[in-house]
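Colleague: below: sequence and its predicted model.
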Amino acid sequence: MTAVIINGKEVADKKKHEIAQEVSSLKGQGITPGLVVILVGNNHASRTYVTNKEKTCKELGMNSLLIEMPEETSEAELLAKIEELNNDAAIHGILVQLPLPKHIDETKVIETISPLKDVDGFHPINIGRMMTGQKTFLPCTPYGIMVLLEEYGISVAGKHAVVVGRSNIVGKPVGQLLLNQHATVTYCHSRTKDLAEQTRQADILVAAVGIPNFITAEHVKEGAVVIDVGINRNEAGKLCGDVAFAEVSEKAGYITPVPKGVGPMTITMLMYNTLQSAKESMNRK
Ligand SMILES: Nc1nc2c(c(=O)[nH]1)N[C@@H](CN(C=O)c1ccc(C(=O)N[C@@H](CCC(=O)O)C(=O)O)cc1)CN2
C-alpha cells in the first residue's frame, strides 16, 4: 500500500482563507482581532515561528504585535508585561513563545495569561474545559491534527489511537481530543515496554517524541493513519519528523509529511483561536 499524503499546507491555506473572510466581516463591525506574541531570548527556531505568526496575522488582516524581551528578562518582568496585556481591551490573544529561558517558570507564566486571551489553549482552566468537552481555546497543534483528520474524512469514533509522547502541548491534549471524539486512546512514552507491540495496534498513530526516524515500518499496522508531529533536523541538517517517511508511507493508509503536514496547521489554528477570542469579546461588551 502507498499512503495518501495529508497535505497540511493545502488545508491550512483553505482555513486561512475562511478566517480572513471572517476577519473582514468583523472589521465591518468595528473590531479587528489583535494578537500579541512575546519572545524571550534568542532561540533561533522560536524567532522563525514568531515571525511567521506575525506575518500570518497581517496576511489575514489581524493586528499583531511582537514583543521581544532579552534573555536576562526576570520572571517578574515577564509576568508584569502579561498583566498589562491582560488589561488591554484591544488585545484578544496573548501568546508567550515556548520554550522559555531556564530561569523562568513556564507554569507561572501560562497561569498568568488571562484564560480569556489564552489563544494557545495552555491555561489550566482551558485545559480543564477541553477535558470536560466544553467550548474553549484548544491547543493549536492538537486542534490542527483534528482538523486534518476531518478534512480528509478520517473518522475517529471507535478507532484505536496510539499517541507516542506525553508533552503538555501536544501528546496529552491530542489524546484527549481523540478521546472526546470517541477513540480508544493509548499513550506511549519513554518507559513504555515493547513500544512496537503497542503502536502496531493503532488505527491512528500520532508520533510526538522529537526524535528523527523514531517510528519505522515495524511500528505501523498496514493501512494505519500516521500523524507526524516531530520537527527535527537530521544529520545533514535537513528538516524531518519523527517518522521514517519513505518506509512508513509504503505501509500506512494516510501519512502527514514534514514539512507541510501538521506544522502549518499550528499557526492557522492560532489565527482561528484569536478570531474566536475577538468575537467572544464582542459578546462581553
Ligand atoms: N507558545 C507556543 N510555543 C510553541 C508552540 C505553540 O503552539 N505555542 N509550538 C511549537 C512551535 N510552533 C509554534 O509556535 C510551530 C512549529 C512548527 C511550525 C511549522 O509550520 N513547521 C513547518 C516547518 C517550519 C520550518 O521550516 O522550520 C512544517 O512543519 O511544515 C509552526 C509553528 C513550540 N513552541
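Modeller: Ah, there it is.
Colleague: pick out the residue of this protein closest to the ligand.
Modeller: residue 263 (2.0 Å; CB to the nearest ligand atom). Bear in mind the C-beta positions are built from the backbone N, C-alpha and C, glycine included.
Colleague: my guess is that residue contacts residue 11. True?
Modeller: No: applying CB atoms under 8 Å as the test, residue 263 and residue 11 come out as separate, 11.7 Å apart.
Colleague: picking up where we left off before, residues near the residue of the chain closest to the ligand, how many?
Modeller: Other residues within reach of residue 263, judged by other CB atoms under 10 Å, total 25.
Colleague: and what of residue 125?
Modeller: By the measure other CB under 10 Å, the count of residues near residue 125 is 14.
Colleague: phi, psi for it please.
Modeller: phi -70, psi -40 (degrees, to the nearest 10).
Colleague: with adjacent residues omitted, what lies nearest to it?
Modeller: Counting by CB to CB, 6 or more residues apart in numbering, residue 115 is the residue found nearest to residue 125 once chain neighbours are left out, at 4.2 Å.
Colleague: what does residue 265 give?
Modeller: residue 144 (2.6 Å).
Colleague: and that neighbour, what helix or strand is that in?
Modeller: Per DSSP states H and E, residue 144 falls inside helix 140-151.
Colleague: ok now whichever helix or strand comes after that helix, how far from the chain's centre?
Modeller: The helix or strand immediately downstream of helix 140-151 is strand 160-164, counting by DSSP H and E. Here strand 160-164 is found 17 Å from its chain centre; the criterion is CA atoms, centre = their mean, to the nearest Å.
Colleague: same check, this time on stretch 9-22
Modeller: 16 Å.
Colleague: is there proximity between that stretch and the ligand?
Modeller: No: Stretch 9-22 lies apart from the ligand when judged by CB under 6 Å from any ligand atom; the minimum separation is 6.9 Å.
Colleague: which parts of that stretch are buried?
Modeller: With burial defined by 16 or more other CB atoms under 10 Å, the residues of stretch 9-22 counted as buried are 11-12, 15-16, 19, 22.
Colleague: could you do stretch 206-226 as well?
Modeller: Judged by neighbour count (16+ other CB under 10 Å), stretch 206-226 contains these buried residues: 206-209, 212-215, 219-221, 224-226.
Colleague: before we move on, what about stretch 88-104?
Modeller: 91-98, 100-101, 104.
Colleague: before we move on, what about stretch 228-241?
Modeller: Buried, per 16+ other CB under 10 Å, within stretch 228-241: 228-232, 240-241.
Colleague: alright, I will stop here.
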